[in-house]
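1. quick one, structure for this:
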Amino acid sequence: MILTLALGLPGAYLLGRFDFPGKSFLRAVTGVPFVMPTVVVAAGFNALLGSNGWVNVSLMSILNLSEPPIRFINSLSAILVAHVFYNTTIVLRMVGDFWSHLDPKLGQAASILGANRWVVLRRITIPLLLPVITASALLVFLFDFTSFGVVLILGGPQFATLEVEIYYQTISLFNLPLASILSIFQLCCTLLITLVYTRLSSGLSKPLVLRSQQIIMKRFNTWKSRIFAFLMIGLLLILLTSPLLALASRSVVSLEARRDPTGEVSRGINLNFYRELGQNRQESLFYVPPTTAIGISLTYAAATVILAIVVGTPAAWALAQEGDSWLNRILDPVLMLPLGTSAVTLGLGFIIALAHPPMDLRTSPLLIPIAHALVAFPFVVRSLTPALRSIQPGLRQAAAVLGASPLQVLRHIDIPIVGKALLVAATFAFTISIGEFGATSLIYRPEYPTIPIVIYRLLSRPGAMNYGQALALSTILMGVTIAGMIAIEKFRIADIGEF
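-> Numbering: from 1, shown residues only. Below is the predicted model:
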């Protein structure tokens, strides 16, 4: 959390106070890591800093070394860097959006009264930003606290966090009572943090006086601001794009001569890893073609979108109608609880709760979309609630006076206004489902693996070809996720305090 704030706050200042060419592109690029599946992120850092990654192979070639000089994978540094990679966009968007609407006249008035820039920052800017900084920090802490895939894949067995221990007790030891106790402890911590977060974020929609971004935004008029912008943009792009670029390039580039399974020696740019995705060279009885996994993932994602929209829309409507009532103060953190709850805990909950007739769904294909819909549910609610709150009651009242029934009001007023938000919610649900790994790893059936499960299987097996196939499949999944993020950026309705 501290490292994420250290990088995210200067970036939020850049995006919140300055207007420059390519700013919208930078916002979209910095938002991509947040929706990246953990297995893709792990494969990306492996392709960049692993023993056979770009950096180590280049250093070994330049310095004529026989061993990789950088030991990054299976280290605490890998866990920390990957979490900063994931969560920086939370600070950039929450703090940056709030900062971009703060009235600059407050600071200008203080300057006229003799305050220098540091006094303005300490006495005016920081106090105004403190609620949103605290809310974003809590959200980052929540995601770090419940992280599973990053620790499991990049950290190695020596880093046994609460999440990994729940997974280990469930899958390896079948000790469901102990796993349940650990999950309850985690849920209590999560609920406490969620309560504080929802109270802080609810106040962000009612700040002092907000101004248009066109009035607030300024250009880089000094050499100091230009140097700051150059360094900040470069740092953000290097951290947030280099693992993904390394992943995509490594999937089509052989860094050394290699003999593929057909006996042909290949070097340089080729598509061998992609061609091998549909081949079962080992003739394994448990082999599932990646094309089948892609079809399974798309089917699960489509079902998840339907379930998440059907359940999330009434919940968002209830939140939008209640305003700041006591019911809303209770309902909001409860509905947001899946946001901070580990996917592993959710998967364990499904195993325990749906283990007895007539609701024994442990072998049902419906269990995966239900679990994915629960993971995506908070994002759907957070996407729809601001749009529903933006509907002015006068529009509904005017339609009712003119004779419109409640159904007609819903059809002709509510749905057209929240149409874009529905698209954003559906895209969120689809993107989250297609890359979900934590809950799926506990409840999936071996004959019906999703794309992340197949990637994890390939990464867990020795051999260059398995590694290359994992990179190729991860690149495909990354492309789908980026397309989803672009759609979210295109259709989303900006709202201060929402992620």
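2. CA only for contacts and neighbour counts going forward, please
-> Fine.
3. Pro33 contacts Ser242, doesn't it?
-> No: applying Cα atoms under 8 Å, one finds Pro33 not in contact with Ser242, separated by 11.1 Å.
4. for these two, indicate the residue with more neighbours.
-> Pro33 (28 against 16; other Cα atoms under 10 Å).
5. for the more buried one, which non-adjacent residue is spatially closest?
-> Leaving aside its chain neighbours, Pro33 sits nearest to Tyr86 (5.2 Å; criterion: Cα to Cα, 6 or more residues apart in numbering).
6. read off the pLDDT value for that neighbour.
-> Predicted confidence (pLDDT) at Tyr86: the value is 88.
7. now do the same contact list for it.
-> Pro33, Phe34, Met36 (Cα atoms under 8 Å, 6 or more residues apart in numbering).
8. any idea which element it lies in?
-> Per DSSP states H and E, Tyr86 falls inside helix 76-99.
9. pull the CA atoms of that helix into PDB?
-> Coordinates of each C-alpha in helix 76-99 appear next as PDB, following Å, rounded to 0.1, in the frame of the first residue of the first chain:
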ATOM      1  CA  LEU A  76       9.300 -10.800  -1.900                       C
ATOM      2  CA  SER A  77      10.300  -8.200  -4.400                       C
ATOM      3  CA  ALA A  78       8.200  -9.900  -7.100                       C
ATOM      4  CA  ILE A  79       5.200  -9.900  -4.800                       C
ATOM      5  CA  LEU A  80       5.500  -6.200  -4.000                       C
ATOM      6  CA  VAL A  81       6.200  -5.100  -7.500                       C
ATOM      7  CA  ALA A  82       3.300  -7.100  -8.900                       C
ATOM      8  CA  HIS A  83       0.900  -5.600  -6.400                       C
ATOM      9  CA  VAL A  84       2.100  -2.100  -7.200                       C
ATOM     10  CA  PHE A  85       1.600  -3.000 -10.900                       C
ATOM     11  CA  TYR A  86      -2.000  -4.100 -10.100                       C
ATOM     12  CA  ASN A  87      -3.200  -1.300  -7.800                       C
ATOM     13  CA  THR A  88      -1.500   1.900  -8.900                       C
ATOM     14  CA  THR A  89      -4.500   2.700 -11.200                       C
ATOM     15  CA  ILE A  90      -6.800   2.800  -8.100                       C
ATOM     16  CA  VAL A  91      -4.900   5.800  -6.700                       C
ATOM     17  CA  LEU A  92      -4.500   7.400 -10.100                       C
ATOM     18  CA  ARG A  93      -8.200   7.300 -10.800                       C
ATOM     19  CA  MET A  94      -9.800   8.000  -7.400                       C
ATOM     20  CA  VAL A  95      -7.300  10.700  -6.300                       C
ATOM     21  CA  GLY A  96      -6.700  12.000  -9.800                       C
ATOM     22  CA  ASP A  97     -10.400  12.400 -10.600                       C
ATOM     23  CA  PHE A  98     -11.100  14.100  -7.300                       C
ATOM     24  CA  TRP A  99      -8.000  16.400  -7.600                       C
END
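10. quick one: classify the nearest residue to Ile486 once chain neighbours are set aside as helix, strand or coil.
-> Spatial nearest neighbour of Ile486, excluding adjacent residues (Cα to Cα, 6+ apart): Ala28 at 6.8 Å. Following DSSP: H, G, I helix; E, B strand; the rest coil, the label given to Ala28 is helix.
11. what's the burial count for Ala28?
-> 18.
12. any idea how far it is from Glu67?
-> Going from Ala28 to Glu67 by Cα to Cα, to the nearest Å gives 38 Å.
13. in the stretch 1-150 of the chain, which spans are strands?
-> For the stretch 1-150 of the chain, strands defined by DSSP state E, counting those that start in this stretch do not occur.
14. now do stretch 357-375, average pLDDT.
-> For stretch 357-375, mean pLDDT is 82.
15. how long is that stretch end to end?
-> Start-to-end span of stretch 357-375 (Cα to Cα) is 24 Å.
16. ok, and what's touching that stretch?
-> So stretch 357-375 is contacted by 300-301, 303-305, 307-308, 338-339, 343, 346-347, 350-351, 354-355, 429, 432-433, 436, 439-440, 443-445 (Cα under 8 Å, 6+ apart).
17. swap in stretch 180-189?
-> Leu162, Ile166, Thr341, Thr345, Leu348.
18. buried stuff in it?
-> For stretch 180-189, the neighbour count (16 or more other Cα atoms under 10 Å) marks Ser180, Leu182, Ser183, Gln186, Leu187 as buried.
19. so the second one sits in a strand?
-> No: checked against three-state DSSP, Leu182 lies outside a strand; its state is helix.
20. just the pLDDT for it.
-> Reported pLDDT for Leu182: 86.
21. mind listing which of the contacts of stretch 357-375 are in strands?
-> Applying DSSP state E to these, no entry is found in strands.
22. ChimeraX command to pick out the buried ones of these?
-> Provided next is the ChimeraX selection string for whichever of the contacts of stretch 357-375 are buried by 16+ other Cα under 10 Å:
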select :300,301,303,304,305,307,308,338,339,343,346,347,350,351,429,432,433,436,439,440,443,444
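23. any regions of this protein where pLDDT drops low?
-> Applying pLDDT under 70 to the chain flags residues 198, 200-217, 254-268, 278-287, 322-330, 332-333, 339-340, 488-499.
24. the longest helix in it is where?
-> helix 290-322 (DSSP state H).
25. if you count neighbours, what's buried in that helix?
-> 290, 292-294, 296-298, 300-309, 312-313, 315-320.
26. packing partners of that helix?
-> With contacts defined as 3 or more Cα pairs under 8 Å, 6 or more residues apart in numbering; DSSP states H and E, the packing partners of helix 290-322 are helix 326-340, helix 367-389, helix 419-435, helix 451-460.
27. want to throw the ones you listed into TSV with distance to Gly479?
-> Converted to TSV, those look like this (distance: least, Cα to Cα, whole Å):
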stretch	distance to Gly479
helix 326-340	24
helix 367-389	20
helix 419-435	11
helix 451-460	13
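28. Ala47: which of these is closest?
-> Nearest of those to Ala47, taken as Cα to Cα: helix 451-460 at 11.5 Å.
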